[in-house]
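Q: no sequence on this one, just coordinates:
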């Protein structure tokens, strides 16, 4: 397979992976409108994020062994069909309870793209090329959060929040067609992999024996929790607390997403000289310091609104380094059971997201403190995990043992 074909596949995978952020970022500007229309509070609307991340977590664990057993392409198409139907259901939700439930199924449909995308990359690449390929895919993935809030804000103000989910269903249909027509099968079916619950659990336990995998999955999940915290808390902080309009929020959110994309691309350059582990340590240290400034500013109130926005941009710039490097290091020990390993990795990250968004909603107190406190704790936890875990990685070299 030549470079052009590989790049085409990465574009398709980037679009597939972009469904997950589109499904979050596009409806964030509609939180106040959803609360008014469904006669509830913004805090309860935030629970639609929590159910979404729970769905992503459960769904990835379900699809991981399926991707190893039946190959990549057919499970991807099945998941997209579930996604399209759930999106249409969300558009017609009569209450917040229905919306919370349907968001869970929406997540279970699109999560197959997250597991399948990283599995296909691992099928095609090895070593540092995995991190570089994921950085390229993340650049395409990163377009979604840049444009999605702006599109969502426009739809909310002109048509209403329900049309957002209609647009998401159309996007899902477009991606389904692209997968069917363009994506090749990168791994054939493997009948030796059983889908019996007992064997699936044993397969997952086998993956957990890799200490390097455990260390970097947990570190990546902790670091990613800072991003999910921002996603959950930013609509209230920027719109209700700081007084930005839905359109302005969309532009700010897009600027933050652009910072993530820039981080992805700088990461590709740095990988030519530095290894992923060193980059992760440096970035999580930078994020921890930025989080402390944001938290202190939230308590004391010395930060101007735009200074707060600028520090958040710097914080999210760091996330552009976390996902590709932690994923590459976590998957490095595997040549078999890649789908299961990817599923555990993605599920752990989404559990982190569910916890982060749930805590931000639970501790909502009319200030930015719950958001900034979590944004400080998450990268700090990742830094400590990697610092403590380094000795175990040295004892267990980064070699393929599966």
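A: Arrived safely. What you are looking at is a predicted structure, and each value in this text was computed from that prediction instead of being measured. Numbers count the residues shown, from 1 in each chain.

Q: please count neighbours and contacts with C-alpha atoms only from this point.
A: Noted.

Q: next structured bit after the helix or strand where residue 79 lies?
A: Per DSSP states H and E, residue 79 falls inside helix 73-91. Counting by DSSP H and E, the next helix or strand C-terminal to helix 73-91 is helix 96-124.

Q: distance from that next one to the middle of the chain?
A: 10 Å (C-alpha atoms, centre = their mean, to the nearest Å).

Q: what's the answer for stretch 315-334, then?
A: With C-alpha atoms, centre = their mean, you get 12 Å for stretch 315-334.

Q: and the helix holding residue 79, what does it pack against?
A: Judged by 3 or more C-alpha pairs under 8 Å, 6 or more residues apart in numbering; DSSP states H and E, the packing partners of helix 73-91 are helix 47-70, helix 96-124, helix 162-182.

Q: how about a cut-off of 10 Å?
A: helix 19-25, helix 47-70, helix 96-124, helix 162-182 (3 or more C-alpha pairs under 10 Å, 6 or more residues apart in numbering; DSSP states H and E).

Q: what are the buried residues along the longest one?
A: Read it as helix 96-124. Using 16 or more other C-alpha atoms under 10 Å as the test for burial, helix 96-124 gives 96, 99-123.

Q: same deal with stretch 297-314?
A: 297-298, 303, 308-309, 311-314.

Q: so how far is stretch 43-53 off the chain centroid?
A: Remark: stretch 43-53 is offset 15 Å from the chain centroid, using C-alpha atoms, centre = their mean.

Q: quick one: least confident helix or strand in the chain?
A: Taking mean pLDDT, DSSP states H and E as the measure, the chain has helix 128-141 as its least confident helix or strand, at a mean of 70.

Q: let me know which of the helices and strands packed on helix 73-91 is the nearest to residue 276.
A: Across those, the minimum distance to residue 276, taken as C-alpha to C-alpha, is reached by helix 96-124, at 16.0 Å.

Q: now the angle between helix 73-91 and that closest one, please.
A: Put simply, helix 96-124 runs at 160 degrees to helix 73-91, going by axes from the mean of the first three to the mean of the last three C-alpha atoms, to 10 degrees.

Q: if you average the pLDDT over helix 96-124, what comes out?
A: Throughout helix 96-124, pLDDT has a mean value of 85.

Q: picking up where we left off before, quick one, which of the helices and strands packed on helix 73-91 is nearest to residue 191?
A: helix 47-70 (6.1 Å).

Q: helices or strands next to the closest one in the packing?
A: Against helix 47-70 (3+ C-alpha pairs under 10 Å, 6+ apart) you get helix 19-25, helix 73-91, helix 96-124, helix 197-208, helix 211-234, helix 338-362.

Q: how about those in TSV, adding distance to residue 248?
A: Formatted as TSV, the helices and strands packed on helix 47-70 follow (distance: least, C-alpha to C-alpha, whole Å):
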stretch	distance to residue 248
helix 19-25	14
helix 73-91	24
helix 96-124	26
helix 197-208	44
helix 211-234	12
helix 338-362	22
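
Q: nearest to residue 159, of those?
A: helix 73-91 (12.2 Å).

Q: list the buried residues of that closest one.
A: 73, 75-77, 79-91.

Q: could you tell me the angle between that helix and helix 162-182?
A: Going by the same axes, to 10 degrees, helix 73-91 makes 170 degrees with helix 162-182.

Q: for helix 73-91, what is the average pLDDT?
A: 92.

Q: begin at 121 from here
A: I'll keep to 121 as the first residue from here, and by that count the last item is helix 193-211.

Q: next one: that helix to chain centre, how far?
A: That offset, for helix 193-211, works out to 18 Å (C-alpha atoms, centre = their mean).

Q: any regions of the stretch 421-522 of the chain where pLDDT drops low?
A: Counting by pLDDT under 70, the stretch 421-522 of the chain contains low-confidence ranges at 455-457, 512-522.

Q: the helices in it, which residues?
A: 425-451, 458-482, 489-515 (DSSP state H, counting those that start in this stretch).

Q: list the buried residues for the shortest one?
A: Of the residues in helix 458-482, those buried under the neighbour-count criterion (16+ other C-alpha under 10 Å) are 458-481.

Q: ok, the closest residue to residue 480 other than its chain neighbours - contacts?
A: Nearest in space to residue 480, with sequence neighbours left out and distances taken as C-alpha to C-alpha, 6 or more residues apart in numbering, is residue 490 at 5.6 Å. Counting by C-alpha atoms under 10 Å, 6 or more residues apart in numbering, residue 490 touches 349, 353, 415, 418, 476, 479-484.

Q: out of the residues you listed, who's nearest residue 150?
A: So of the contacts of residue 490, ranked by how close each gets to residue 150 (C-alpha to C-alpha), first place is residue 353, at 13.7 Å.

Q: there's contact between that closest one and residue 482 in this structure, I believe.
A: No: applying C-alpha atoms under 10 Å as the test, residue 353 and residue 482 come out as separate, 11.1 Å apart.

Q: out of the contacts of residue 490, which one sits closest to residue 342?
A: Distances from residue 342 to the contacts of residue 490, taken by C-alpha to C-alpha, are shortest for residue 476, at 9.6 Å.

Q: so how far is residue 432 from the residue lying closest to the closest one once chain neighbours are set aside?
A: Counting by C-alpha to C-alpha, 6+ apart, residue 476 lies nearest to residue 349, which is 5.3 Å off, once chain neighbours are set aside. Distance of residue 349 to residue 432, given as C-alpha to C-alpha, to the nearest Å: 11 Å.

Q: now do the shared contacts for these two.
A: Common neighbours of residue 349 and residue 432 (C-alpha under 10 Å, 6+ apart) are 492, 495.

Q: about what we covered before: nearest to residue 329, of the buried residues of stretch 417-434?
A: residue 434 (35.6 Å).

Q: verify the contact between that closest one and residue 380 for me.
A: Yes: with contact defined as C-alpha under 10 Å, residue 434 reaches residue 380; the gap is 9.2 Å.

Q: tell me the contacts of residue 309?
A: So residue 309 contacts 186-192 (C-alpha under 10 Å, 6+ apart).

Q: in a markdown table: those residues, plus distance to residue 249 and neighbour count.
A: Shown next, in a markdown table, are the contacts of residue 309 (distance: C-alpha to C-alpha, whole Å; neighbours: other C-alpha atoms under 10 Å):
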| residue | distance to residue 249 | neighbour count |
| --- | --- | --- |
| 186 | 25 | 24 |
| 187 | 22 | 28 |
| 188 | 22 | 26 |
| 189 | 25 | 21 |
| 190 | 26 | 16 |
| 191 | 22 | 21 |
| 192 | 20 | 28 |
